[in-house]
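S.K.: I need the structure of the sequence given here:
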Amino acid sequence: GLYGEMYFLNENLFKELGVKAGIKAWKGYEKNRHDFELNDISFEIKATTSNNPVKVKISNEKQLEKGKLKHLYLTVYNMVSSESKVGDLPKLLVKIIKKLSSDPTMCNAFKRNIMSLGYRFENENQYNRSYSILNIGNEHYEIDDTFPVIRLKELKKIHKINAFMDVKYSINMDTCKKYQ
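M.R.: Numbers count the residues shown, from 1 in each chain. Below is the predicted model:
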């Protein structure tokens, strides 16, 4: 979860939008529908260690709802544990915080937001798992009306919208290559 979001922030949004705009786009700590929101484009980030098939867990029926957005992207990082210690969460957060050092207010807000998710900077040794990402360059999927998701409008059509609660499901990403 958090590693995938921070990796996307550091490796994609900072490069495309700049540091301040990237930080402002991050909404994952607010438990919003999508992890990153930019006007009429949103990104939902998933990090998975599952293989054969690569699957991602969708935590509720609204998570991949496009609504009135022009574009919604699902970014999936297929990760494996690594001994290199290059891809661990504490080191990634240090990189991001260094990039925010010229703006102490934004830096402190970012740290508070990270801690609101349960991360504790003083206990960074408990986050010592390191990862390598296997699918760099093939991680983005555009969610359109044909992408395989459970949709609220479909539940409404069968008049069962109030019968379902806490809908969680997994998507086999091997079946979604045409959306990349």
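S.K.: Pull out the buried positions in stretch 115-134.
M.R.: Of all the residues in stretch 115-134, those buried under the rule 16 or more other C-beta atoms under 10 Å are Tyr119, Tyr127, Ser130, Tyr131, Ile133. For every residue, glycine as well, the C-beta is placed using N, CA and C.
S.K.: For the last one, give the beta-bridge partners.
M.R.: Listed by DSSP bridges, the beta-bridge partners for Ile133 are Met79.
S.K.: you'd agree it is up against Tyr7?
M.R.: Yes. Assessed by C-beta atoms under 8 Å, Ile133 is found in contact with Tyr7 at 7.1 Å.
S.K.: about what we covered before: can I get the buried residues of stretch 115-134 in TSV including secondary structure and distance to Asn172?
M.R.: Listed next are these as TSV, based on DSSP: H, G, I helix; E, B strand; the rest coil; distance: C-beta to C-beta, whole Å:
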residue	secondary structure	distance to Asn172
Tyr119	coil	30
Tyr127	helix	29
Ser130	strand	27
Tyr131	strand	21
Ile133	strand	19
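S.K.: Tell me which stretches of this structure form helices.
M.R.: Along the chain, counting by DSSP state H, helices occupy 2-8, 14-17, 19-25, 89-99, 104-116, 152-157.
S.K.: contacting residues for Thr175?
M.R.: Contacts for Thr175 (C-beta atoms under 8 Å, 6 or more residues apart in numbering) come out as Pro53, Pro148.
S.K.: mind running it again at 7 Å?
M.R.: Thr175 makes contacts with Pro148, as judged by C-beta atoms under 7 Å, 6 or more residues apart in numbering.
S.K.: Please tell me the pLDDT value assigned to it.
M.R.: Predicted confidence (pLDDT) for Thr175: 92.
S.K.: can you tell me how far it sits from Leu13?
M.R.: 28 Å (C-beta to C-beta, to the nearest Å).
S.K.: mind checking which of the helices of the chain is nearest Lys66?
M.R.: Closest to Lys66 of these is helix 152-157 (C-beta to C-beta; 10.6 Å).
S.K.: Keeping just the C-alphas, turn the closest one into CSV.
M.R.: What follows is helix 152-157, C-alpha atoms only, in CSV (Å, rounded to 0.1, in the frame of the first residue of the first chain):
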residue,chain,number,x,y,z
LEU,A,152,-22.3,0.5,-8.4
LYS,A,153,-24.6,1.1,-11.4
GLU,A,154,-24.7,-2.6,-12.1
LEU,A,155,-25.7,-3.3,-8.5
LYS,A,156,-28.4,-0.6,-8.8
LYS,A,157,-29.8,-2.3,-12.0
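S.K.: Please name the residues that touch the residue nearest in space to the middle of the chain.
M.R.: Per C-alpha atoms, centre = their mean, the C-alpha nearest to the average position across the chain is that of Ile45, at 2.0 Å. Ile45 sits next to Gly4, Glu5, Phe8, Asp35, Thr75 when contact means C-beta under 7 Å, 6+ apart.
S.K.: Kind regards, and thank you for your time.
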